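Enquirer: prediction below, plus the sequence it came from.
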Amino acid sequence: MFRSSAKLLLAALLCVGCATASAADLYVICNSRVPLSAADVRDLFLGEKQFAGAVKLVPVDNSAAQIAFLDRVLKMNAAKYSTTWTKKSFRDGINPPLVAGSDAEALADVRRTPGACSYVTTPTPPDVVVVSRL
Amino acid sequence: MGITKHPRANRGRSWVGALLVAGLGHALVTHAAANDSDRIAVLEQKLDQSLQLIRQLSARVQDLEADKRSGAVAAAPPAAAPQPPAAAAQPGAAAATPPDTAQRLAKVEQTVNQMAASAGQHAEEGLATHGFADVGIGNHNAEFSKYQGADVGELDFFLTPRLGSRTRALFELNFEVGSDGTVGVDLERAQLGYQFADSATVWLGRFHTPYGYYNTAFHHGQQIATSLRRPRFIDFEDHGGIMPAHTVGAWLTGSERVGDQRLTYDVYIGNSQRITQGALDMNNAGNTHGSTIVGGNLGLLLSGTLDGLKVGVDAFQTRIEDEDQSPSYVTQVRSFGTYAAYDTDNWEDIAEFHVFSNQDLTGHTGTHHSDAGFVQIGYRAGRYTPYARYERGAFQQSDHFFAAQTNGSSYYREALGLRFDVDLVSALKLELAETRLTDRVIGSYDEALLQYAIRF
């Protein structure tokens, strides 16, 4: 009786924990062939890091999770992000990240594009690399 | 020494001032009406419409699935269906069998997938086009002070085609009004490059000479610049700038993280510029005497409590030939500069200082020392960014390099301005400035300028 109650309580706590985590979590994911570290994520999405070894990186913004990503990782709002990329593009001749419209689209882009990295709000399948969980 | 006067300035000052006030006031009032509540209401309305459409489509899908399960004929679309397919509304088409429906759905799905794949492919390989444009009005033209009234500033396109993982290209085409009032077309930048790594990209072609901070950070991008115009001494060559804003040659640039900081560098070599018709020219086709401009720029982007601060030093040396003289007059120009830029959510402060040590190679009058610099402070308070700038150029008129240039006289300029971000891509700027010319001619003039600048 005691053991079953304890298991039930543990399961309930885990469920609550999972629900809380999934509501707040953000997963930065990359194509399986991308050797990228969590410390590189900011540079990647600001155009400062374009290669990981010999792999050309392809950042993909996910508009469904962009506000949370910008707030937590880049510490800026969407307007500042847009202006930063306009300046970067004008000065250095590089293009801003492609934009996916949802987790599913971001995941599909990352799966099919070598060097692609994005961020999603849901746990990801094993065929992509989770660079960091925020 | 003469006295500079602008007789038409006083005549036009009153109506231009009235226009400025009316224009700015009208824009602000109009914008105030479209406040956040209105925009939220519009967004809510759009969201409601979208939800309504989703509900209608869901109902339609359920109906189709129900028809498919029962094998019944879809006699008529539900009343809630927004745009029923024409075939479904017709008796003949209504006799369609479930396999037909499945085939149609499969075809639609395939088409959508193809469109999505095609769009993705275009996004990755297509030609990205961006640009800037600005127009203005004032008691003087912001660039050519002899004019007054309304003016077309420029229309600037820059293209950054996606060519591959390491091959890069950047082209910038600019339509601008020149000193004679006519519109000219200028290939501002034509760069082909190869990126070896994040720390090394080589560009060949015509590029923005990487001295200081302002010239490469903003250049023709008036919408991304806080202030209404460039400092006078680093203006474009054909607008009277006394430094070579463009170079045709080769440029190695890159950055490398050093701990938490980031080190940036530029090294370049190109055709030495010349002076023709009182202005610098970058010798797009090459020069006839084989001399070069050689320079570099070293910067450090700081982090932590100094995040947003970039400091750096730069230098270049070139051999400038004044082709307005016969025989031509040659000066060896050496420039040494230092700069700091602090760019955060609230502050945009920029300071640049350059000293010149120019040697007269023709007249053998020795080496002449001059200097120029500016300090600009801007504070972003929501959509408003008030700014102030002080700039000065102290140019030895015994130095032929400056004496030969139309705008090579010494000056001071003080400016107060206000930038208002109408939205993310457009800005309205008002600037009040006083310019004092201090040697070749003595005089001053006041300016009230309004500019509307966009990016796309």
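Expert: Done, it's in. Residues are numbered from 1 along each chain as shown, chains lettered A, B, ... in the order given.

Enquirer: so what are the domain limits for chain B?
Expert: Domain ranges of chain B: B:2-33+B:129-455, B:37-123, per automatic domain parsing.

Enquirer: alpha carbons only: can I get stretch B:284-302 in CSV?
Expert: Extracted in CSV, the C-alpha atoms of stretch B:284-302 (Å, rounded to 0.1, in the frame of the first residue of the first chain):
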residue,chain,number,x,y,z
ASN,B,284,37.6,52.3,-60.7
ALA,B,285,39.4,51.4,-63.8
GLY,B,286,42.9,51.4,-62.3
ASN,B,287,45.4,54.2,-62.2
THR,B,288,48.1,55.2,-64.6
HIS,B,289,51.0,55.3,-62.3
GLY,B,290,50.6,52.0,-60.3
SER,B,291,50.6,53.5,-56.9
THR,B,292,48.5,52.0,-54.1
ILE,B,293,46.5,52.7,-51.0
VAL,B,294,47.4,50.3,-48.2
GLY,B,295,45.7,50.2,-44.8
GLY,B,296,44.3,48.3,-41.9
ASN,B,297,41.8,48.4,-39.1
LEU,B,298,42.0,46.6,-35.8
GLY,B,299,39.0,46.5,-33.5
LEU,B,300,37.9,44.9,-30.2
LEU,B,301,34.3,44.2,-29.3
LEU,B,302,34.0,44.0,-25.5
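
Enquirer: list the buried residues in that stretch.
Expert: Using 16 or more other Cβ atoms under 10 Å in any protein chain shown as the test for burial, stretch B:284-302 gives B:287, B:291-297, B:299, B:301. The C-beta positions use only the backbone N, C-alpha and C, and glycine is treated the same way.

Enquirer: ok, now stretch B:129-136?
Expert: Neighbour count says stretch B:129-136 has B:130-134, B:136 buried, by 16+ other Cβ under 10 Å.

Enquirer: what does stretch B:150-159 give?
Expert: B:151, B:153-159.

Enquirer: equivalent analysis for stretch B:182-190, please.
Expert: Neighbour-count burial for stretch B:182-190 [16+ other Cβ under 10 Å]: B:186, B:188-190.

Enquirer: quick one: that stretch to chain centroid distance?
Expert: 14 Å (Cα atoms, centre = their mean, to the nearest Å).

Enquirer: who's in contact with that stretch?
Expert: By Cβ atoms under 8 Å, 6 or more residues apart in numbering or on different chains, the residues outside stretch B:182-190 that reach it are B:152, B:156, B:158, B:170-178, B:205-208, B:219-220, B:238, B:246, B:284.

Enquirer: residue B:270 is in contact with residue B:292, correct?
Expert: Yes. With contact defined as Cβ atoms under 8 Å, residue B:292 reaches residue B:270; the gap is 6.5 Å.

Enquirer: thinking again about what came up before, from the contacts of stretch B:182-190, which land in strands?
Expert: Counting by DSSP state E, the part of the contacts of stretch B:182-190 found in strands is B:152, B:156, B:158, B:170-177, B:205-208, B:246.

Enquirer: so which of those residues reach chain A?
Expert: Filtering the ones in strands among the contacts of stretch B:182-190 for neighbours of chain A using Cβ under 8 Å from any Cβ of the partner chain leaves B:158, B:170.

Enquirer: ChimeraX command for the buried members of the ones in strands among the contacts of stretch B:182-190?
Expert: Selecting only the buried entries of the ones in strands among the contacts of stretch B:182-190 in ChimeraX, with 16+ other Cβ under 10 Å as the criterion:
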select /B:156,158,170,171,172,173,174,176,177,205,206,207,208,246
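
Enquirer: now, the most widely separated pair of the ones in strands among the contacts of stretch B:182-190?
Expert: Greatest spacing in these, by Cβ to Cβ: B:152 and B:205 (27.4 Å).

Enquirer: please identify the most buried of the domains of chain B.
Expert: Mean neighbour count (mean count of other Cβ atoms under 10 Å in any protein chain shown) peaks for domain B:2-33+B:129-455 among those, with a mean of 18.

Enquirer: assign a three-state SS to residue A:42, would you?
Expert: Recorded secondary structure, residue A:42: helix (DSSP: H, G, I helix; E, B strand; the rest coil).

Enquirer: touching, it and residue A:76? I think so.
Expert: No. The pair residue A:42 / residue A:76 is not scored as a contact, 10.3 Å apart, by Cβ under 8 Å.

Enquirer: rewinding a little: quick one: which of the buried residues of stretch B:150-159 is nearest residue B:448?
Expert: Nearest to residue B:448 among the buried residues of stretch B:150-159: residue B:151, at 13.4 Å, using Cβ to Cβ.

Enquirer: confidence score at that closest one?
Expert: pLDDT recorded at residue B:151 is 93.

Enquirer: what sits opposite it in the beta ladder?
Expert: Beta bridges link residue B:151 to residue B:136 when assigned by DSSP bridges.

Enquirer: contact partners for it?
Expert: B:135-138, B:141-142, B:177.

Enquirer: among these, which one lies nearest to chain A?
Expert: Using Cβ to the nearest Cβ, the shortest approach to chain A within the contacts of residue B:151 belongs to residue B:135, at 19.5 Å.

Enquirer: my guess is that closest one contacts residue B:155, does it?
Expert: No. Contact criterion Cβ under 8 Å: residue B:135 and residue B:155 do not qualify, at 9.7 Å.

Enquirer: residue B:230 is in what secondary structure piece?
Expert: Taking DSSP states H and E as the definition, one finds residue B:230 inside no helix or strand.
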